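Novice: Generate a structure from the sequence data that follows.
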Amino acid sequence: MKAVIVGAGIGGLATSIRLAKKGYEVEVFEQNNYLGGKLSVFEQEGFRFDAGPSLFTLPELVDDLVALQSEESTIKFPYKKLDESCRYFWEDGKRLTAYTSPKKFALEVEQVLGVPVKVVTDYIKNAEFKYEKSAKIFLEKSLHKRSTFLSKEILPALLSIYKFGLFESMNQVNESKLKHPKLVQLFNRFATYNGSSPYQAPGILTSIANLELNRGTFYPENGMYQITHTLAQVAESLGVKIHFNAGVEKILVENKVAKGIVVNGKISSADLVVSNMDIYPTYKKLLSDQKQPENILNQERSSSALIFYWGIEKEFGELGLHNIFFSDDYHQEFHNIFKTKTIAPDPTIYVNITSKHTPSDAPDGMENWFVMVNVPSNSGQDWDQLIPEIKKSVLKKLKRMLGIDIAQYIKTESILEPRTIESKTSSYQGALYGSSSNNRYSAFLRHPNFHPKIKGLYFSGGSVHPGGGIPLCLLSAKIIDDLSPSV
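Specialist: Prediction:
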């Protein structure tokens, strides 16, 4: 049996590995001339930049895929666990390092913010409880199959559901448990991991903190693109064929059965079709002759990003791999993103510097800065006017908080913004995670990993169940493996 996959993002690559291991003949069709979708890489004037996702958790999900390589292959995926997850900076001069040991992190919080150790350790234990009780249902299985709700994991989860915070926002949970405004802000930040607002997203998402501050933050030996590169190696070891510059024009459906695709004007027949493309253009472009799930397609988009890739002619000892420079008014920032679709004048800034761990990513004495601001998805804003304004705000904020004018050290610059995110990755409106999770029912509102009416048609990646981010994209492939027929 043959399977064709639309898109070589990590969800598509992971799906290709699992289907090939299952015995399918697999071909992947990618519109670009490179792999990885958002998880790509580029070099500029001696600096190497991971273009997209920069946080790596749950490495065992990649390990599981590497273990599926052909018997004669010797593909390795080296990575290390980090002692710290992020360094936080506030305008009043407070600085805090979030360690990946809950006890060590709690001691740091007590020393910097005066919050008792037990408050933090109890919070992280609660986040772990929520994650462990809910993950096997909400993340690892289809929420659109009856068998999921008849599984042995469902009863313990249902008995604990009142503890999940489904009827409170993340912010309400955090204010109740943590009290201190800076600590609340720090834990509210985890809503951005799926492009949502902590003031709207349900409290169960406080479980995200478990991954970073309890399970740990990791770093691939050669940077984040190593994930993409390794998955492609494993896929090819299993006989998967990857085609570049291969824009898919249509998914062929006959009598409610997927029959293949049209790519560059030619038909590629298949017994099984998987779209790793964002669900919106999948329907609007590839399935335009099929009934459209308008309620799903019209859901609120997640946030997008404005990213400056800067080659910096200086080293900063006070910065780590991951750094956050908080705004003074976090609520206003998210109000702007999701309500008025604009950018706050003083946005929170994320700075990722992989040369801290991979020195070859920048010339000697220099650093590669990935500088990101959360912004609304593209709904017609004047980005040509907004981008220079935001850059000016970012540079002023960094100068205030670091005491150095960063602008004079920028040797080279590239920019990624909602319009180019959409054009490069087919992400509707440049939204990073498809729909937002600003709804207590959001887990159930995402498109399933299979088509309910068309046999042999499946969906992977961040815009469908279970959601965006590297771990969830990889889990979407596992769900398809569980749902698809054996060869």
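
Novice: When you work out contacts or count neighbours from here on, use the C-alpha atoms and nothing else.
Specialist: Noted.

Novice: And for the closest residue to residue 23 other than its chain neighbours, the neighbour number?
Specialist: Excluding its sequence neighbours, the residue lying closest to residue 23 (CA to CA, 6 or more residues apart in numbering) is residue 487, at 5.8 Å. Residues lying near residue 487 (other CA atoms under 10 Å) number 10.

Novice: now swap in residue 129 and tell me
Specialist: Residue 129 has 16 nearby residues by other CA under 10 Å.

Novice: can you tell me which helix or strand it belongs to?
Specialist: Residue 129 is located in helix 117-138, with elements delineated by DSSP states H and E.

Novice: Identify each buried residue in that helix, please.
Specialist: For helix 117-138, the neighbour count (16 or more other CA atoms under 10 Å) marks 117, 120-121, 123-131, 133-134, 136-138 as buried.

Novice: From the chain's centroid, how far away is the helix or strand containing residue 471?
Specialist: For residue 471, the host element (DSSP H and E) is helix 470-483. A distance of 14 Å separates the centroid of the chain from that of helix 470-483, by CA atoms, centre = their mean, to the nearest Å.

Novice: any residues touching it, and which ones?
Specialist: With CA atoms under 8 Å, 6 or more residues apart in numbering as the contact definition, helix 470-483 has outside contacts at 10-12, 14-15, 18-19, 53, 56-58, 61-62, 139-142, 449-450, 458-462, 464-467.

Novice: what's the answer for stretch 268-278, then?
Specialist: 1-9, 11-12, 251, 258-262, 282, 425-428, 434, 456-464.

Novice: Keep only those of those that are in strands.
Specialist: Judged by DSSP state E, strands contain the following of these: 2-6, 251, 258-262, 457-459.

Novice: Turn these into CSV, including pLDDT.
Specialist: Below are these laid out as CSV (pLDDT from 0 to 100):
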residue, pLDDT
2, 98
3, 98
4, 98
5, 98
6, 98
251, 98
258, 98
259, 98
260, 98
261, 98
262, 98
457, 98
458, 98
459, 98
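
Novice: Mind giving me the PyMOL select for the residues you listed, buried ones only?
Specialist: A single PyMOL command selects the buried members of the ones in strands among the contacts of stretch 268-278 (16+ other CA under 10 Å):
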select buried, resi 2+3+4+5+6+251+258+259+260+261+262+457+458+459
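
Novice: Sort out which one of the ones in strands among the contacts of stretch 268-278 lies nearest residue 185 for me.
Specialist: Closest approach between the ones in strands among the contacts of stretch 268-278 and residue 185, by CA to CA: residue 459, at 34.5 Å.

Novice: so who does the closest one touch?
Specialist: 274, 275, 276, 279, 448, 449, 450, 451, 476, 480.

Novice: Who is it paired with across the strands?
Specialist: residue 275 (DSSP bridges).

Novice: What's the separation between it and residue 400?
Specialist: 45 Å (CA to CA, to the nearest Å).

Novice: Does the residue nearest to residue 23 touch residue 22 like I think?
Specialist: Yes. In this structure residue 487 lies within contact range of residue 22 using CA atoms under 8 Å: 6.8 Å.

Novice: tell me how far stretch 444-459 is from the chain's mean position?
Specialist: The answer for stretch 444-459 is 21 Å, by CA atoms, centre = their mean.

Novice: Tell me which helix or strand in the protein has the weakest average pLDDT.
Specialist: Of all helical and strand segments in the chain, the minimum by mean pLDDT, DSSP states H and E falls on helix 154-159, at a mean of 65.

Novice: Which SSE is immediately downstream of that helix?
Specialist: For helix 154-159, the succeeding helix or strand toward the C-terminus, using DSSP H and E, is helix 170-178.

Novice: which of the residues in the helix or strand just after that next one are buried?
Specialist: Sequence order places helix 181-188 as the next helix or strand after helix 170-178, per DSSP H and E. Buried residues in helix 181-188, counted by 16+ other CA under 10 Å: 182, 183, 184, 185, 186, 187, 188.

Novice: who touches the first one in this structure?
Specialist: Contact analysis of residue 182 by CA under 8 Å, 6+ apart lists residue 113.

Novice: What does the pLDDT read for it?
Specialist: With respect to pLDDT, residue 182 scores 98.

Novice: same thing with the fifth one?
Specialist: Residue 186 is assigned a predicted lDDT (pLDDT) of 98.

Novice: Where does pLDDT dip in the chain?
Specialist: Counting by pLDDT under 70, the chain has low-confidence residues at 148-150, 153-165, 443.

Novice: from the contacts of residue 459, which two are the most distant?
Specialist: That would be 279 and 480, which, of the contacts of residue 459, are the farthest apart (CA to CA) at 15.2 Å.

Novice: Comparing these two, which residue is more hemmed in?
Specialist: Per other CA under 10 Å, whichever of residue 279 and residue 480 has more neighbours is residue 279, with 26 against 23.

Novice: The residue nearest to that one when sequence neighbours are not counted: neighbouring residues, count only.
Specialist: The shortest distance from residue 279 to any non-neighbouring residue, by CA to CA, 6+ apart, is to residue 463 (6.0 Å). Residue 463 sits with 29 neighbouring residues when counted by other CA under 10 Å.

Novice: show me what contacts residue 463?
Specialist: Contacts here follow CA under 8 Å, 6+ apart; on that basis residue 463 touches 278, 279, 433, 434, 435, 446, 447.

Novice: any idea how far it lies from residue 452?
Specialist: 17 Å.

Novice: Then residue 243?
Specialist: 28 Å.

Novice: Same drill for these two, tell me which one is more crowded.
Specialist: residue 243 (18 against 12).

Novice: Confirm for me that the more buried one is in contact with residue 30.
Specialist: Yes. Taking contacts as CA under 8 Å, residue 243 lies within contact range of residue 30: 6.0 Å.

Novice: Now the common contact residues for these two.
Specialist: What both residue 243 and residue 30 touch, as defined by CA under 8 Å, 6+ apart, is an empty set.

Novice: Show me the domain layout of the chain.
Specialist: 2-40+221-299+436-483, 101-214, 303-425 (automatic domain parsing).

Novice: For the first one, measure first residue to last.
Specialist: Looking back up the chat, that one is domain 2-40+221-299+436-483. By CA to CA, one end of domain 2-40+221-299+436-483 lies 16 Å from the other end.

Novice: and if you look at stretch 427-444?
Specialist: Stretch 427-444 has an end-to-end distance of 21 Å (criterion: CA to CA).

Novice: likewise stretch 182-198?
Specialist: 14 Å.

Novice: Tell me how far it lies from the chain's centre.
Specialist: 14 Å.

Novice: residue contacts, the residue lying farthest from the centre of the chain?
Specialist: What lies farthest from the middle of the chain is residue 255; by CA atoms, centre = their mean that is 35.7 Å. With contact taken as CA under 8 Å, 6+ apart, residue 255 is in contact with no other residue.

Novice: hmm, try it at 10 Å
Specialist: Under the criterion of CA atoms under 10 Å, 6 or more residues apart in numbering, the neighbours of residue 255 are 454, 455.
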